[in-house]
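Trainee: predicted model and sequence follow; I will ask about them next.
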Number of protein chains: 2
Amino acid sequence: MSGHNAITDVAGVRVGHHHRIGDGWLTGTTVVLTPDGAVGGVDCRGGAPGTRETDLLDPSNLVERVQAVCLTGGSAYGLAAADGVMRWLAERGLGFRVGAQPHEVVPIVPAAVLFDLPAGQWGNRPDAGFGFLACEAATDEQPAQGCVGAGAGAITGGLQGGIGTASVVTASDHTVGALVAVNAAGSAVDPGSGMPWAADHEVDGEFGLRSPEPRDVGAAAGSPLNTTIGVIATDAGLGKAQCRRLAGAGHDGLARAVRPAHTMADGDTLFALATGTEPVTDHRVLDELCAAAAECVARSVVHGVLAATAVPGSDVPAYRDRYPPVGSAGCGRGT
Amino acid sequence: MSGHNAITDVAGVRVGHHHRIGDGWLTGTTVVLTPDGAVGGVDCRGGAPGTRETDLLDPSNLVERVQAVCLTGGSAYGLAAADGVMRWLAERGLGFRVGAQPHEVVPIVPAAVLFDLPAGQWGNRPDAGFGFLACEAATDEQPAQGCVGAGAGAITGGLQGGIGTASVVTASDHTVGALVAVNAAGSAVDPGSGMPWAADHEVDGEFGLRSPEPRDVGAAAGSPLNTTIGVIATDAGLGKAQCRRLAGAGHDGLARAVRPAHTMADGDTLFALATGTEPVTDHRVLDELCAAAAECVARSVVHGVLAATAVPGSDVPAYRDRYPPVGSAGCGRGT
């Protein structure tokens, strides 16, 4: 892992959350902000996506750089949060230049949603204000994980889901980071062992797990809440087509960390952002970045589930309560 | 042509416009409303698209039916108009059911934008209210054409662009209709002859054109305004994959009517909606529908340019002023 073990270890990447929890609210928005622009890609592999501005990320299309990715609860209603992210960026003159004046920009803000509508009272979902306030909160520090931002109302496999992040420095000295909002229809935990499916991806004892007692985690199947969305970032100088490949590789990490992943009820969508300027021309380096993307996504899923906490008014247990943490005894190959 | 010679000839399809023209405003929103739901598809072929909810239309994905398509000015800022379309539908319990209660729906509203920002004062672009009011205005009558709705600020090839629509009844007795907002970077008019490129697609003298004097239409190249967006509808019972094919066929019509079409500066995106229930299992029937889609799109482009009018405060001429209409003398094969 590097620095904060977070996507914000990638130069030029900031993360902000905004959520409302309580009084009938349980939803939020997370923005991954690249104010200086980042080359972007996307791979949408879930069967029930809710997205915005993904077509422009096709490698054959014009716009290269995005200023932010908006991840949000609220199902398709939550796409409104991206309006607020655009406003925040536009007020700062950040976006695709479309005129002679500095303020004449169109901020490029791809977005994806997750389905958390039953978590709160009907009608309480993110609007443009959530996106704006998530930008206001963005920093390059370690982002909060668990039931925050877009992960506020997340559930996965009968346990609380949430936001998770992780990073790594590759052999070619590139930093790769991921941030996901885990709300999968499937489970992130092996019901036979009680261990997260991706526990073996652990680096440097980051999960702090010891083999727990096997326990039935209950309503894993048929959860009405679903979709894992996320962002992979790197300081390598990837082009758009390479970013699409990086996003696709991230889905391998999702496949390892969530079972089943990519169901018809999931809108699983991963974006990739590249902030570097030095082109990557050796496909072995790209493969290395892709392998790192898969591992960071898998580790982020585990962190999201480990960081999630019980939510007042919800009877969905958190992993940390079901399987109390036992200190720093690592279980992964990194220990 | 059928009935109104409009997309509203297709059973179950309504169209509404909302725009602001004057006082620094020149933009708007058009909604193609299918309140009972329609199977949807999309094909995005421009190099600079601005879209929303297109991924769910992938034939391998879950959601089959959409309640509306939102076409709007305002570049990516205009995607906010779809929020208002969602609100209008949600207030009526129209959408994808996600709960036991009738109001627990998520309206499915794919959207695409066109770039008209320089047409009005900076900052004046469609918001959610535009989408809501376009729904309020929707009827199954013949929609207004020209500089209305999403076509309010449209320009193409140095002439005013705008909204155009057309329909046809096929040999298999299906109605196919199209509606487009013509704002192409390319031109819809042959500069050599002054005739619309797609004039030969005319049916029953609908264009009312006679060969005009060739005239240089001026600033055809390098217009900063661009993107043609639209919807094809049919009362055939197509599936999602068939709808995608229908949308793709529509781009053939765009290719005939606009030269060049699908440039890197265009976000050309066409949606297809099928309101029927009887499956189409004979691929010859699908081919017939696709040919009709291409022709309806081409004819719609011509109608959009012919219906456009000069706009106060703009020095862009309208085709009708440049080449005054000369009554009912037809020029096409339908006469």
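Mentor: Received it, and whenever you're ready, just let me know what you need. Numbers count the residues shown, from 1 in each chain, chains lettered A, B, ... in the order given.

Trainee: who in the stretch 51-200 of chain A is up against chain B?
Mentor: Taking C-beta under 8 Å from any C-beta of the partner chain, the part of the stretch 51-200 of chain A that reaches chain B is made up of A:51-56, A:58, A:60-63, A:75-77, A:79-80, A:82-83, A:86, A:90, A:98-99, A:101, A:103-104, A:106-109, A:115, A:117-118, A:122, A:128. The way it works is simple: take the backbone N, C-alpha and C, and place the C-beta from them, glycine included.

Trainee: among those, which ones are buried?
Mentor: Buried members of those, counted by 16 or more other C-beta atoms under 10 Å in any protein chain shown: A:51-56, A:58, A:61-63, A:75-77, A:79-80, A:82-83, A:86, A:90, A:104, A:106-109, A:115, A:117-118, A:128.

Trainee: element containing A:Val85?
Mentor: When secondary structure is defined by DSSP states H and E, A:Val85 falls within helix A:81-91.

Trainee: just how off-centre is that helix within its chain?
Mentor: With C-alpha atoms, centre = their mean, to the nearest Å as the basis, helix A:81-91 stands 19 Å off its chain's centre.

Trainee: got a list of contacts for that helix?
Mentor: Judged by C-beta atoms under 8 Å, 6 or more residues apart in numbering or on different chains, the contacts made with helix A:81-91 from elsewhere in the structure are A:29, A:31, A:35, A:52-53, A:67-68, A:70, A:72, A:74, A:95, A:103, A:105-107, A:109, A:111, A:126-136, B:76-77, B:79-80, B:83.

Trainee: now the end-to-end length of stretch A:54-62.
Mentor: Counting by C-alpha to C-alpha, to the nearest Å, the length from the leading to the trailing residue of stretch A:54-62 is 13 Å.

Trainee: ugh, wrong one, I meant stretch A:93-112
Mentor: End residues of stretch A:93-112 are separated by 24 Å (C-alpha to C-alpha).

Trainee: circling back to that earlier point, restricted to strands, list the buried ones among the residues of the stretch 51-200 of chain A next to chain B.
Mentor: The strands, defined by DSSP state E, take in A:Thr51, A:Arg52, A:Val106 from these.

Trainee: helices of chain A, start to end?
Mentor: Under the criterion DSSP state H, helices of chain A are mapped to A:81-91, A:128-136, A:240-257, A:283-307, A:319-322.

Trainee: could those go into a markdown table alongside mean pLDDT?
Mentor: Listed next are the helices of chain A as a markdown table, based on pLDDT from 0 to 100:
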| stretch | mean pLDDT |
| --- | --- |
| helix A:81-91 | 98 |
| helix A:128-136 | 98 |
| helix A:240-257 | 97 |
| helix A:283-307 | 97 |
| helix A:319-322 | 90 |
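
Trainee: quick one: closest of those helices to B:Met264.
Mentor: Each of those was checked against B:Met264 via C-beta to C-beta, and the shortest separation belongs to helix A:240-257, namely 13.0 Å.

Trainee: how about that closest one: buried residues?
Mentor: Across helix A:240-257, burial judged by 16+ other C-beta under 10 Å covers A:240, A:242-257.

Trainee: poorly predicted segments of chain A, please.
Mentor: A:1, A:211-225, A:325-335 (pLDDT under 70).

Trainee: scan it for its longest strand.
Mentor: As far as residue count goes, and with DSSP E defining each element, the longest strand of chain A is strand A:25-44.

Trainee: and that strand, what does it pack onto?
Mentor: The criterion is 3 or more C-beta pairs under 8 Å, 6 or more residues apart in numbering or on different chains; DSSP states H and E, and the helices and strands that strand A:25-44 contacts are strand A:14-22, strand A:65-72, helix A:81-91, helix A:128-136, strand A:175-182, strand A:229-234, helix A:240-257, strand A:269-274.

Trainee: mind putting the ones you listed into CSV with distance to B:Val203?
Mentor: Formatted as CSV, those follow (distance: least, C-beta to C-beta, whole Å):
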stretch, distance to B:Val203
strand A:14-22, 54
strand A:65-72, 44
helix A:81-91, 41
helix A:128-136, 44
strand A:175-182, 51
strand A:229-234, 47
helix A:240-257, 42
strand A:269-274, 43
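
Trainee: for the closest residue in space to A:Pro143 that isn't next to it in sequence, list each beta-bridge partner.
Mentor: The shortest distance from A:Pro143 to any residue that is not its chain neighbour, by C-beta to C-beta, 6 or more residues apart in numbering or on different chains, is 4.0 Å, and that residue is A:Val15. On the basis of DSSP bridges, A:Val15 takes part in beta bridges with A:Val32, A:Thr139.

Trainee: around A:Val15, how many other residues sit close by?
Mentor: Counted with other C-beta atoms under 10 Å in any protein chain shown, residues neighbouring A:Val15 total 28.

Trainee: repeat for the one 4 residues further on
Mentor: When counting by other C-beta under 10 Å, one arrives at 25 neighbours for A:His19.

Trainee: from A:Gln145, how far out is it?
Mentor: In this structure, A:His19 and A:Gln145 are separated by 13 Å, where distance is defined by C-beta to C-beta, to the nearest Å.

Trainee: how about the nearest residue to the residue of the stretch 201-335 of chain A found nearest chain B, chain neighbours excluded?
Mentor: Taking C-beta to the nearest C-beta as the measure, the stretch 201-335 of chain A has A:Met264 as its residue closest to chain B, at 4.7 Å. The shortest distance from A:Met264 to any residue other than its chain neighbours is 3.5 Å, reached at A:Gly47 (C-beta to C-beta, 6+ apart).

Trainee: who touches that neighbour in this structure?
Mentor: With contacts defined as C-beta under 8 Å, 6+ apart, A:Gly47 is in contact with A:His262, A:Thr263, A:Met264, A:Ala265, A:Asp266, A:Gly267, B:Ser60, B:Asn61, B:Leu62.

Trainee: rerun at 7 Å
Mentor: By C-beta atoms under 7 Å, 6 or more residues apart in numbering or on different chains, A:Gly47 lies in contact with A:Thr263, A:Met264, A:Ala265, A:Asp266, B:Asn61, B:Leu62.

Trainee: cool, A:Val148 as well?
Mentor: For A:Val148, the residues meeting the contact criterion (C-beta under 7 Å, 6+ apart) are A:His17, A:His19, A:Gly28, A:Gly162, A:Ile163.

Trainee: how much space separates it from A:Ala137?
Mentor: Applying C-beta to C-beta, the value for A:Val148 to A:Ala137 is 10 Å.

Trainee: can you count the residues close to A:Ala318?
Mentor: Neighbouring residues of A:Ala318 were enumerated by other C-beta under 10 Å; the total is 21.

Trainee: pretty sure it contacts A:Ala308?
Mentor: Yes - here A:Ala318 lies in contact with A:Ala308, judged by C-beta atoms under 7 Å, at a distance of 5.0 Å.

Trainee: touching both of these two, which residues are there?
Mentor: Residues touching both A:Ala318 and A:Ala308 comprise A:Gln160, with contact defined as C-beta under 7 Å, 6+ apart.
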